[in-house]
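> coords please:
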Amino acid sequence: MYLPSSFRQDDLVELHQQIAESRLATLVSQGPDGLQASHLPLLLVADEGEFGTLYGHFARANPHWRALAQDPETLVVCNGPDAYVSPSWYPAKAEHGKVVPTWNYIAVHVYGQIELFDDAERLLTLVGRLSARHEAGRAQPWAIEDAPRDYLDSMLRAIVGFALPIRRLEGKWKLGQNRSAADQSGVREGLNASPDARDRELAARMNSPSGLYG
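Got it, this is the predicted structure:
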């Protein structure tokens with residue numbers, strides 16, 4: 001990832017928070033037939049290893065996991081909010097006109113070597129934890145115990161689990177830190193006025209008029 005120093009995010013807590021908030025990650029690897037990518041919900045266990053460990057599972061019918069068995073080197077992309085930035089939001093446009101459009105966004109890249117497993121009890125624990133995470137907050141959350149065990153066993157045979165001990169993290173918070181405080185404020189106001197909730201979400205991450213970003 002191209003990572004200018006002004007956009008670099010090294011705070012492990014912030015990186016972990018963004019990984020946890022990214023509901024669907026993109027897992028990429030190189031296999032015998034070239035690059036492969038799968039889109040997967042993942043579970044972060046922050047206190048495992050130096051940088052944490054990601055857990056997830058593939059459908060057994062997905063050939064991606066077989067490629068990873070041969071070459072376990074893996075990149076996971078966790079995207080945060082993003083938004084188009086109009087030059088019209090910059091006060092600098094009225095001053096000299098030397099402004100162009102850009103795109104602001106938050107992204108985390110996770111690197112490591114994947115470890116596959118298909119132990120039924122370990123898979124059951126993983127699926128249970130993933131389900132509990134995404135069912136949290138519902139009035140009547142579904143629990144894995146709600147399904148018959150023989151049915152669960154048949155479903156577990158159809159997936160392959162994995163652990164990804166995180167070896168390296170890259171975080172990019174491209175939020176206009178290279179612009180003046182006035183231009184940053186103009187972008188924040190423009191995004192906040194947008195009817196698109198995704199734009200307003202990005203504006204919320206630009207957390208102070210002084211240009212300090214979280």
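
> distance check, Ser29 against Ala83.
Ser29 sits 29 Å away from Ala83, going by C-beta to C-beta, to the nearest Å. No exception for glycine: its C-beta is placed from N, CA and C like everyone else's.

> quick one: average pLDDT of stretch 161-172?
What stretch 161-172 shows for mean pLDDT is 98.

> the nearest residue in space to Leu42 that is not next to it in sequence: neighbour count?
By the measure of C-beta to C-beta, 6 or more residues apart in numbering, the closest residue to Leu42 outside its immediate chain neighbours is Gly56, 4.4 Å from it. Residues contacting Gly56 under the criterion other C-beta atoms under 10 Å number 21.

> do the one 5 residues further on as well
Ala61 sits with 9 neighbouring residues when counted by other C-beta under 10 Å.

> and if you look at Val28?
A count of neighbours around Val28, defined by other C-beta under 10 Å, yields 16.

> thinking His39 is in contact with Ala25, fair?
Yes. Contact criterion C-beta atoms under 8 Å: His39 and Ala25 qualify, at 7.3 Å.

> among the two, which residue is more densely surrounded?
Neighbour totals were compared for His39 and Ala25, and Ala25 leads with 21 against 9 (other C-beta under 10 Å).

> go ahead and confirm Gly176 touches Asp183.
Yes. With contact defined as C-beta under 8 Å, Gly176 reaches Asp183; the gap is 6.8 Å.

> now for the top helix by length along the chain, which elements pack on it?
Counting by DSSP state H, the longest helix found in the chain is helix 120-135. Counting contacts by 3 or more C-beta pairs under 8 Å, 6 or more residues apart in numbering; DSSP states H and E, helix 120-135 packs against strand 43-45, strand 53-59, helix 149-156, strand 159-174.

> how far out from the middle of the chain is stretch 174-183?
Here stretch 174-183 shows a centroid-to-chain-centroid distance of 23 Å under the convention C-alpha atoms, centre = their mean, to the nearest Å.

> what comes up buried for that stretch?
Within stretch 174-183, the residues scored as buried using 16 or more other C-beta atoms under 10 Å are 174-177, 179, 183.

> the longest helix of the chain to helix 149-156, inter-axis angle?
For helix 120-135 against helix 149-156, the angle by axes from the mean of the first three to the mean of the last three C-alpha atoms, to 10 degrees is 90 degrees.

> show residues contacting helix 120-135.
Residues outside helix 120-135 that contact it (C-beta atoms under 8 Å, 6 or more residues apart in numbering) are 23, 41, 43, 55-57, 117, 141-144, 152-153, 156-157, 159, 161.

> recalculate using a threshold of 6 Å.
43, 55, 141-142, 144, 156, 161 (C-beta atoms under 6 Å, 6 or more residues apart in numbering).
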